Every structure is written in C-alpha cells, then in structure tokens.
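[1] Sequence isn't available, so here's the structure alone:
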C-alpha cells in the first residue's frame, strides 16, 4: 500500500519519514523508513507498507526541510480485508427424491474458478447421528477430497440432509445450505385391481376366483379367503 505526503509549496530539499502500524500496536506490528534506514530520513516522495493481515493499519509521515523546520501529518487509517475468493458456492446439485436402495449423487454448485478447491461431503438421516450419518472426512481420516461430487446410499425411508464444505487452501472456507432428499420405498411393478369371480352360482357349484393383476406377476404369492353371509 503506497502513501505520500500532501505538500503545498516548494518541496526542494525535503526529507521524509514514513511509518505505519497495525491496530496501533508495536513490536512486530509496525515499521518505518527511519527504522529501516538506521534512523535516517529519506528523500523518496512516497512510502509503502505490506498489508499483512486483516484489521486497521495507521500511516503517518514526518517531513524535515533541513533548516530546522519539521512537520508531522495526521495519522490516516487504512482498512485491510481478505482478498475475496475467486469462487463462490451457491448451492448443492442433488435430486429431491429417491427410492430406498438408491445411490444418490450430489455436488457443489461453484461459480468462478474451482481450481485447487477441496470438498467435504456429509449426509444424515432425519437429522440423526450415530449410524445414521457419514461424510468424506469421516471416511478419509479427517481429510477433504478433490473429488467434485460424492454419493450417499439411501438406506431407508425418510428425509436425508446433505451439505458440502469447500476449502480453497488459502484460508477461505464456505458451506452450502443443507438440502433435503425424500426417500420412499420402491413402488411395486404390479397393482391389484380387484377380484375376477362370477356374481352368482348354484348350490354345489365350484366357484373359481382370481386376482386381477396389472404388471409383472413374477414371484407373487396369494392368499384366498371366502365366507358365507359374512360369518
């Protein structure tokens, strides 16, 4: 960060001392051209400091004309923030429903440059822990992964929540809001539509009846029952 003195008039022969500190602290949190030049001022008309960390840096300047005249400028504050990342996580790409037994893929929706990003994928069933959740960190001894997607097994009916944490390795992490996936049983490939049977018969007749099935009847088992006058 460069800074310089605002001088009105003739600047010929002026010497300068530039100084700066972080959060008004000393020790390792400040420096000056005098400190760096064995107590000597400089004829350079501007100075610069390295903004090392977030916070407020203060800068000030002393000016000397070599004729017994000196003047300090009031301190000026410089607010220092982290460089914004070149990426943003805006959500999670995942289906909103699945069947029991499905492998459900999900991934982070990243806007910007995803180079070097690492991910932690996690999921839980009905907000429970124990045997009802897992994550890539849990599987990888606490380590994140460079894989851009992951998958969880929809083991039982209910609601699974998935979320993703992203780290760029430069001090910036972000987590996407949790997304719900509703898991239901796999619907059968057949439907019972009714009973095929005559509506009248004579005493002594053998009356046959059967199930009306739509779809694949492979592997089906049946239970047939009958009663007289509801008794």
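    In hand now; what should we look at? All values reported here derive from a predicted model rather than from experimental measurement.

[2] got the buried residues for stretch 47-57?
    For stretch 47-57, the neighbour count (16 or more other C-beta atoms under 10 Å) marks 47, 49, 57 as buried. C-betas here are computed from N, CA, C, even on glycine.

[3] Need the residues you listed in JSON lines (columns: secondary structure, pLDDT and distance to residue 167).
    Below are the buried residues of stretch 47-57 laid out as JSON lines (DSSP: H, G, I helix; E, B strand; the rest coil; pLDDT from 0 to 100; distance: C-beta to C-beta, whole Å):
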{"residue": "47", "secondary structure": "strand", "pLDDT": "88", "distance to residue 167": "36"}
{"residue": "49", "secondary structure": "coil", "pLDDT": "88", "distance to residue 167": "29"}
{"residue": "57", "secondary structure": "strand", "pLDDT": "94", "distance to residue 167": "27"}
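
[4] where does this structure have its least confident helix or strand?
    Across the helices and strands of the chain, mean confidence by mean pLDDT, DSSP states H and E is lowest for helix 33-36: a mean of 86.

[5] on contacts alone, who are the packing partners of that helix?
    Under the contact definition 3 or more C-beta pairs under 8 Å, 6 or more residues apart in numbering; DSSP states H and E, helix 33-36 sits against strand 15-22.

[6] list the helices and strands the strand it packs on packs on?
    Applying 3+ C-beta pairs under 8 Å, 6+ apart, we find strand 15-22 packed against strand 30-32, helix 33-36, strand 46-48, strand 55-64.

[7] Would you mind giving these as JSON lines with distance to residue 155 added?
    Shown next, in JSON lines, are the helices and strands packed on strand 15-22 (distance: least, C-beta to C-beta, whole Å):
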{"stretch": "strand 30-32", "distance to residue 155": "59"}
{"stretch": "helix 33-36", "distance to residue 155": "64"}
{"stretch": "strand 46-48", "distance to residue 155": "60"}
{"stretch": "strand 55-64", "distance to residue 155": "48"}
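
[8] Which among these is found nearest to residue 195?
    Relative to residue 195, the nearest member of these by C-beta to C-beta is strand 55-64, separated by 80.1 Å.

[9] Point out the other helices and strands that the closest one packs with.
    Strand 55-64 is packed against strand 2-4, strand 15-22, strand 70-72, strand 76-80, with contacts defined by 3+ C-beta pairs under 8 Å, 6+ apart.

[10] So which of those strands is nearest residue 30?
    Shortest distance between residue 30 and those, using C-beta to C-beta, is found for strand 15-22: 3.5 Å.

[11] residue boundaries of the helices in this protein?
    Secondary structure of the chain, counting by DSSP state H: helices at 33-36, 136-139.

[12] Quick check: buried residues in the last one?
    Right, the one you point to is helix 136-139. 136-137.

[13] Likewise for the first one?
    For helix 33-36, a neighbour-count test (16+ other C-beta under 10 Å) marks 33-34 as buried.
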